[in-house]
Every structure is written in C-alpha cells, then in structure tokens.
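Asks: coordinates for the following, if possible.
(chains A, B, C and D)
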Protein chains: 2
Amino acid sequence: MKQRILVVDDEHDLCEILRFNLETAGYEVVVAYSAEEVQAHDVTRFQLILLDVMMPGISGFELARQLKSSERTAGIPIIFLTAKDTEEDTLHGFELGADDYVAKPFSLREVLARVKVVLGRSISHANEIRFHNLYMDVQSRRVTLNGQDVDLTKTEFSILHLLLTHQGHIFTRSELIEQVWPADVVVSERTVDVNLTRLRKKIGEYASCICNKTGFGYYFEGV
Amino acid sequence: MKQRILVVDDEHDLCEILRFNLETAGYEVVVAYSAEEVQAHDVTRFQLILLDVMMPGISGFELARQLKSSERTAGIPIIFLTAKDTEEDTLHGFELGADDYVAKPFSLREVLARVKVVLGRSISHANEIRFHNLYMDVQSRRVTLNGQDVDLTKTEFSILHLLLTHQGHIFTRSELIEQVWPADVVVSERTVDVNLTRLRKKIGEYASCICNKTGFGYYFEGV
DNA sequence: ACAAAATGTAACAGAATCGTAACACGTTTT
DNA sequence: AAAACGTGTTACGATTCTGTTACATTTTGT
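Replies: This is a model prediction of the structure:
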C-alpha cells in the first residue's frame, strides 16, 4: 500500500515539483493550495503532511494547531516548510507536534530524505518518542522515566529529542550547536559537553546511552 | 581528493571562465563543448555536471534525460545553466532530476554557491560505503564489520575512508598525509605506517586488503 | 645470499579530548 | 527583594588519542 502525503502550500509551482518528486519516490500525493482547502479532505487518510507555514488566510501553524487538537488527526506527522528558522518558530513548531522542519529554499533531496525518515520511523504516534522506559511527549514537552516525570530544561529537551530521533547517529559539537541552539547565538563547543553531562544526570539508567566518541561527537546508543 | 565537475556548454569563453573559477575554488574541471562530446567521457567519474540547456545538436535537457535514465549515471547531480527562466523550463528541468538552476547571465558567486551546496549535499547523500561486510556510514561516522561496530579513531576513519573510496589507488605517504592530516600539522612519514598498522588491527579479516607496495605506498586491494 | 632499504609493530610520552564541579550572570519565581 | 533556576564559561583531573622512537621483519638490488 502506497503511503499518502498531503502537500499544503500556496505556491503552485512548488507543489508540482514536490508532487512530481514524491510520486517518483513512490508516494501517493495530494495537493492543497490553502489551509481552507485542506478541510475538504479527509485528513486521516494521509500518513504525512508537508505544510507551508506562511500562507494567506489560515497559516500553517494555525492549521497544525487545529489538526493536533483533534484526536482523529493528532497523530499525523507534520513537516513544516518554512522560510523562518528562528528558535521560537522551531520551538513553536515542535510544540505543535512538528516532526521536522525544512527551511526554504530547500533542496528536493533534503525534503525526500526527511520524508523518508519521518515515514520510516513511525507510522502512528510520531509526537511520542519512546526508548524502553524513557518517554518523550514532544507535544507537551514532557519526559518520563519509568513513569516518573523528568524535569528537563529547554536545551536538554532539545538535545535529547535530537539524539533520540537519530539514534546511532554521531553528531559533532558544531552540528549539535547548529541543531539545538538558535542560529544567532554563539556558544563555545565545550558548552555542549556540559549540557550533555547535565542531561545524563537526569535520565538515570539511560545516562550510559548517551555516548561520546572521542574526536567525533555524541550519539544515543540504542540497544 | 578533489571533486570533479564536468562543464558542458558550447560557449568556449564561458567554459573557460567557469573552469578558471571552479579550479580556483579547488575543484577539478573537465569541459565538453557539446552533448555529443560528453559521450567520449566516462561520466561516472564526475561528482557534478554543469549543463547548458541550449546547445546545438543534442540539447541539455535531452542529455539530462539520457543520463538520468541510465542506472550508472542517474545519481550524478546536475545543475542546469539556462538563459530561459520560465516556469515550464524550470519545472521540466526538475522533472529531469536537476538539482538546481542557474539562469544566465549569472554571477560567478552564484554558481559557486550552488555548486558548493550541491556537492556538499551529495557527499552526505552518498554516505554509505561498502566493501563486502565492511560498512562505512560517513554521515553518522560509523563503521561496522559483519554487523559489529568497529571503533575507529578519527585518523583511522579518515584513512579508511580515503582508501575505500579509491580502491586500488596507491597513495604515497606524503599523499596520505596531505589528504588525512590538517594542512597545518607536520608529521613524519613513518607516522603513516603506524596508523595503517593500527587500522589493520581493527578491521579483522580485511586487514590484508590494506596493502603496501614497497617504495610506492599504501592501497586498498578490492577483490 | 648478503647488505641496504623499506616496512611492521610495541612501547612510551606528550597532546588532545572529555567529564564534571564550581562559578557567574541573567531570568523567573516566590 | 530574595531565592531559585537556567545556562554559558572556566578550570582541572581523567581518559583517550597519536606521533615518535627503537627494534624486528620483510623486501629489494646486486
């Protein structure tokens, strides 16, 4: 069964490019040119939504909020297409249950790679990340360890989210800084170490899953 | 190792300008003045093709179609150089697998920027190098041997990557130093030997694939 | 076969990297 | 206003990496 993707963007040309390439990659694609038009579709039939943030009328964020507030559609992964790439926007997006971000202008390869990751990794509850007894609810930004709440700071949450969604991938310090810290702040590379240490301390028995490979960087060692 | 770019354009002057600037930027450049001439080259040796759309004889679009239809060459990124910048052309190009567009007349800076983006991207995209049961994931910086993680240091990883991506090529010690060590560090040639020994020890049954030819240097013997 | 040159490798010490506690400073909560 | 919190920086000890050296072994040329 082909996986179905809903592309929502007011730029017709871009939609067609996305449609062609996603179809070539084996997905079934439906395009909507506005948030209003989305309401004409049965959204639950899609496994993924590519959603432009900036649209006339109802914005992408607003639409995402609506979708996530309904039980029926809350579980559908969303990838935002956005020109903005500030911290607030990213955080705001993740709060709304975004599974990923692609900043415009993007390369098709980039989009395809992310679509593949999102569709490959979780068919249903993409805003709930789980590793054994470690849960992350991306939407409510809560983390529990064996049922107990873990009180992570924003930075720690963001790091853990990145590592958990890319288990086994080794991130260099500068990659981590790029992904976790807003683009306009400058932090020293050693700051990463300190934050990783802090994170380790808070996740108890899973501390040892956050590994370092000398000279390379940090990664989450899934068992 | 230098990345190789094939420039295809019937305007000789333009080709020379591109050649000069791309070479200055550290790329290796080969020029073809027509689509027909391209067929004299082994296209698989290039990491990127800059392709003029409007050429006498076979057009750039037609050549792109041919390249994308062959398994061997389908994966090579193409940037179209085009005077036309209409919607249809752009769409048509993307359908043919273009990775980017530069409309003539273009600034060199623009071209260089796009080349950089595409090549930077395609490296991380072709990120899995494999030799029998020896895998290297360049992006996540991991190596596995028969499914087991191999713990390579940064230097060892870098050497293995170079050798595996150029199987059969004999590297002198000074070439290896040039490729693997940062330009500003000075190491003795014997240091290479020691690191090759260390690498051999870690890759088990493939140790014997790392060969030395007395008086010449080291190479990976693909079987 | 022999000596000379080139290569393999173990051991060591210096360099680089990493973990973490302590601190500083700004922000939020009480 | 004071206390608590978040977070970047620094410092220093612990760990890991890595270049060098010395000696063993192999290859080469005669």
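Asks: identify the residue spatially nearest to A:Gln47, adjacent ones excluded.
Replies: Spatial nearest neighbour of A:Gln47, chain neighbours left out: A:Gln3 (4.7 Å); criterion: Cβ to Cβ, 6 or more residues apart in numbering or on different chains. Heads up, the C-betas are built off the backbone N, CA and C, glycines and all.
Asks: touching, the one you found and A:Leu119? I think so.
Replies: Yes: at 5.5 Å, A:Gln3 counts as touching A:Leu119 under the criterion of Cβ atoms under 8 Å.
Asks: where do the contact lists of these two overlap?
Replies: Common neighbours of A:Gln3 and A:Leu119 (criterion: Cβ atoms under 8 Å, 6 or more residues apart in numbering or on different chains): A:Tyr27, A:Gln47, A:Leu48.
Asks: can you list the residues of chain A near DNA strand C?
Replies: Residues of chain A lying near DNA strand C by Cβ under 7 Å from any atom of the strand: A:173, A:190, A:193-194, A:196-197, A:200, A:212-217.
Asks: any idea whether A:Leu176 is helix, strand or coil?
Replies: helix (DSSP: H, G, I helix; E, B strand; the rest coil).
Asks: need the strands for chain A, in chain order.
Replies: Listed in chain order, the strands of chain A (DSSP state E) span A:4-8, A:28-32, A:48-52, A:78-82, A:98-103, A:128-131, A:134-137, A:142-145, A:148-150, A:210-213, A:217-220.
Asks: roughly how far does A:Glu16 sit from A:Ile58?
Replies: Plainly put, A:Glu16 is 22 Å away from A:Ile58 if you go by Cβ to Cβ, to the nearest Å.
Asks: returning to that earlier point: any chance of the shared contacts of A:Gln3 and A:Leu119 in a markdown table, with pLDDT too?
Replies: Listed next are these as a markdown table, based on pLDDT from 0 to 100:
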| residue | pLDDT |
| --- | --- |
| A:Tyr27 | 81 |
| A:Gln47 | 81 |
| A:Leu48 | 87 |
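Asks: can you put those in TSV and add distance to A:Val111?
Replies: As requested, the shared contacts of A:Gln3 and A:Leu119 are arranged in TSV below (distance: Cβ to Cβ, whole Å):
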residue	distance to A:Val111
A:Tyr27	11
A:Gln47	15
A:Leu48	11
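Asks: any chance of the residues you listed in JSON lines, plus neighbour count?
Replies: What follows is those, written out as JSON lines (neighbours: other Cβ atoms under 10 Å in any protein chain shown):
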{"residue": "A:Tyr27", "neighbour count": "19"}
{"residue": "A:Gln47", "neighbour count": "23"}
{"residue": "A:Leu48", "neighbour count": "24"}
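Asks: tell me the one of those nearest B:Thr73?
Replies: Proximity of those to B:Thr73 (Cβ to Cβ) peaks at A:Tyr27, which lies at 24.5 Å.
Asks: can you pull the pLDDT of A:Ala83?
Replies: Looking at A:Ala83, its pLDDT stands at 59.
Asks: again but with A:Ile129, I slipped
Replies: Predicted confidence (pLDDT) at A:Ile129: the value is 76.
Asks: with the one 10 residues further on instead?
Replies: Residue-level confidence at A:Gln139 comes out at 69, pLDDT.
Asks: same check on A:Asp89?
Replies: A:Asp89 is assigned 52 on the pLDDT scale.
Asks: again, but for A:Phe61
Replies: Looking at A:Phe61, its pLDDT is 78.
Asks: equivalent analysis for A:Thr144, please.
Replies: We have a pLDDT of 90 for A:Thr144.
Asks: wait, it sits on A:Val150?
Replies: Yes: using Cβ under 8 Å, A:Thr144 is in contact with A:Val150, at 6.3 Å.
Asks: mind checking which of these two has more residues around it?
Replies: The residue with more neighbours, out of A:Thr144 and A:Val150, is A:Val150; 20 against 14, by other Cβ atoms under 10 Å in any protein chain shown.
Asks: out of everything not next to it in sequence, what's closest to that one?
Replies: Ranked by Cβ to Cβ, 6+ apart and with sequence neighbours excluded, the top spatial neighbour of A:Val150 is A:Val143, at 4.3 Å.
Asks: what does A:Asn212 give?
Replies: Excluding the flanking residues, the one nearest A:Asn212 by Cβ to Cβ, 6+ apart is A:Tyr218, at 5.3 Å.
Asks: ditto for A:Thr214
Replies: With Cβ to Cβ, 6+ apart as the measure, B:Thr153 is the residue that lies nearest to A:Thr214, at 7.1 Å, once sequence neighbours are left out.
Asks: same question, A:Glu62
Replies: Nearest to A:Glu62 is A:Ala35, by Cβ to Cβ, 6+ apart, at 6.9 Å.
Asks: so that neighbour is in contact with A:Phe61, correct?
Replies: No: applying Cβ under 8 Å, one finds A:Ala35 not in contact with A:Phe61, separated by 9.8 Å.
Asks: circling back: tabulate the residues of chain A next to DNA strand C in CSV, adding columns for distance to B:Leu164, pLDDT and neighbour count.
Replies: Formatted as CSV, the residues of chain A next to DNA strand C follow (distance: Cβ to Cβ, whole Å; pLDDT from 0 to 100; neighbours: other Cβ atoms under 10 Å in any protein chain shown):
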residue, distance to B:Leu164, pLDDT, neighbour count
A:Arg173, 26, 95, 18
A:Arg190, 33, 96, 9
A:Asp193, 31, 96, 13
A:Val194, 36, 96, 12
A:Leu196, 31, 97, 22
A:Thr197, 35, 96, 11
A:Arg200, 34, 96, 15
A:Asn212, 25, 95, 12
A:Lys213, 19, 94, 16
A:Thr214, 22, 94, 8
A:Gly215, 19, 93, 14
A:Phe216, 18, 94, 18
A:Gly217, 21, 95, 20
